[in-house]
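**Q** Have a look; sequence and predicted model below, questions after that.
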Amino acid sequence: MLTFELLIDSTEMKQEETLETADYNDEQDEDVNVEEFAEVPDNIIEDEIYPYKKACEIVQVANNHTFSAVNCRYRILPSPFTLVKHGQQLRRIRKYVNTHGTRKQKLQQIDELVFSEFVQAREKCLPIHDNDLKRTAIRKAKDVNVTGFTASKHRISNFKRRFHIICRKVTKLVTQHHESTGKFDPRVLKTIYQAPNIHVTCRKSGKLTKSHIEYWARNVLRPSLKQKCSLLVDSWLEQTDDESYEKAFTDQITCERMDIPLKITADIQPRYKYLFRQWKYLRQKCFDRVMIDQLPIDMRSRNNTLKMHSLIHNQLASRRFWPMVQYAWYICGYRSEDPGKFENIQE
């Protein structure tokens, strides 16, 4: 089963672009690094060049003949030197063959395998993105036994230039709400995944409204507080209405709201400044693992989405990442003390 066939189950199809091949002329290829895409050099052992096919031939002969016969057979005329001079050299040739070529040859093989699946996916009109190329490359690296392969952005960029792959706009995908009435059917509610760190509800409209904020403040924010707090919100009109919070905070515990001015949320909101990047990174890793290992998990399903976000929240809430959270507030100017070195999700 092709990796790209799993794209049908990926929520990343909401993107409005896909990759496809394009025809280039010589002038368009002038900016490509020729040396990087040149033919992979043959293996060199003790100043002798051994093409992979020739190395396989030598090993096959050595399996059925003595070393002296091999030594004589691969003598280079009229030069007095031979391709196989001594036993140590033959052992190195065997090792080269047993590992199926050099690392560079394996990397070239990975590119060819990825491109082959790319072509098949495009023939089936499946949308493809850089992340799909990355996942397939990592899976193929395991197949050809390449260790330490990460499929970096630079490598994917070079891969696309080498095989003349470009980005095209595609028609927007339209989604439809399952719960058009704004309420869960009782039978559906019984199947919804529940976890102590998430609150599941639905609305008729996918847009944020004042009623959403009131519901969140009453059912999520207030129950999670044991003392008065400060709430930092952006300047979205529905979030800055005092009445939405006054209805939720009617006892001794109070909530002091601070509104972020327009157009600077990305600069002084800790979540946008740092924390959401960690959340998105962990989410991306979940998608990558499902796609690379071809796990039978439908990432579009409601319960799997809930499980994933519950897991991410559980991990980020660990005491191990408290310094990371403190750093997010520090770089936004809300803390005067630098938390020092810390580990983020990637580390």
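**A** Received, thanks. Numbers count the residues shown, from 1 in each chain.

**Q** For the protein, which segments count as helices?
**A** Along the chain, counting by DSSP state H, helices occupy 52-64, 67-73, 87-98, 103-123, 130-143, 153-162, 186-191, 210-216, 242-246, 265-268, 270, 276-292, 302-316, 322-331.

**Q** Export those helices as a markdown table, with columns for mean neighbour count, distance to K341 and mean pLDDT.
**A** C-beta coordinates here come from the backbone N, C-alpha and C atoms, glycine included. Shown next, in a markdown table, are those (neighbours: other CB atoms under 10 Å; distance: least, CB to CB, whole Å; pLDDT from 0 to 100):
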| stretch | mean neighbour count | distance to K341 | mean pLDDT |
| --- | --- | --- | --- |
| helix 52-64 | 15 | 47 | 77 |
| helix 67-73 | 14 | 57 | 72 |
| helix 87-98 | 15 | 42 | 75 |
| helix 103-123 | 17 | 34 | 86 |
| helix 130-143 | 21 | 29 | 88 |
| helix 153-162 | 15 | 26 | 90 |
| helix 186-191 | 10 | 45 | 87 |
| helix 210-216 | 16 | 35 | 87 |
| helix 242-246 | 14 | 37 | 84 |
| helix 265-268 | 14 | 24 | 88 |
| helix 270 | 20 | 19 | 90 |
| helix 276-292 | 16 | 16 | 88 |
| helix 302-316 | 16 | 18 | 93 |
| helix 322-331 | 18 | 8 | 92 |
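
**Q** out of these, which comes closest to V170?
**A** Nearest of the helices of the chain to V170, taken as CB to CB: helix 103-123 at 11.9 Å.

**Q** got the angle for the closest one vs helix 87-98?
**A** The directions of helix 103-123 and helix 87-98 differ by 10 degrees, with axes from the mean of the first three to the mean of the last three CA atoms, to 10 degrees as the criterion.

**Q** who does helix 103-123 touch, helix- and strand-wise?
**A** If contacts are counted by 3 or more CB pairs under 8 Å, 6 or more residues apart in numbering; DSSP states H and E, helix 103-123 sits against strand 17-21, helix 130-143, helix 153-162.

**Q** domain assignment for the chain?
**A** 3-38+102-169, 43-98, 208-263, 267-331 (automatic domain parsing).

**Q** how about a markdown table for the helices and strands packed on helix 103-123, with distance to R218 added?
**A** Below are these laid out as a markdown table (distance: least, CB to CB, whole Å):
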| stretch | distance to R218 |
| --- | --- |
| strand 17-21 | 40 |
| helix 130-143 | 38 |
| helix 153-162 | 44 |
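
**Q** Relative to T201, which of the domains of the chain is closest?
**A** domain 208-263 (6.9 Å).

**Q** For D338, which non-adjacent residue is spatially closest?
**A** Spatially, and ignoring its direct neighbours in sequence, D338 is nearest to Y330 (5.9 Å; CB to CB, 6 or more residues apart in numbering).

**Q** hmm, back to that, for K190, find the nearest of the domains of the chain.
**A** Using CB to CB, the domains of the chain put domain 267-331 closest to K190, at 11.9 Å.
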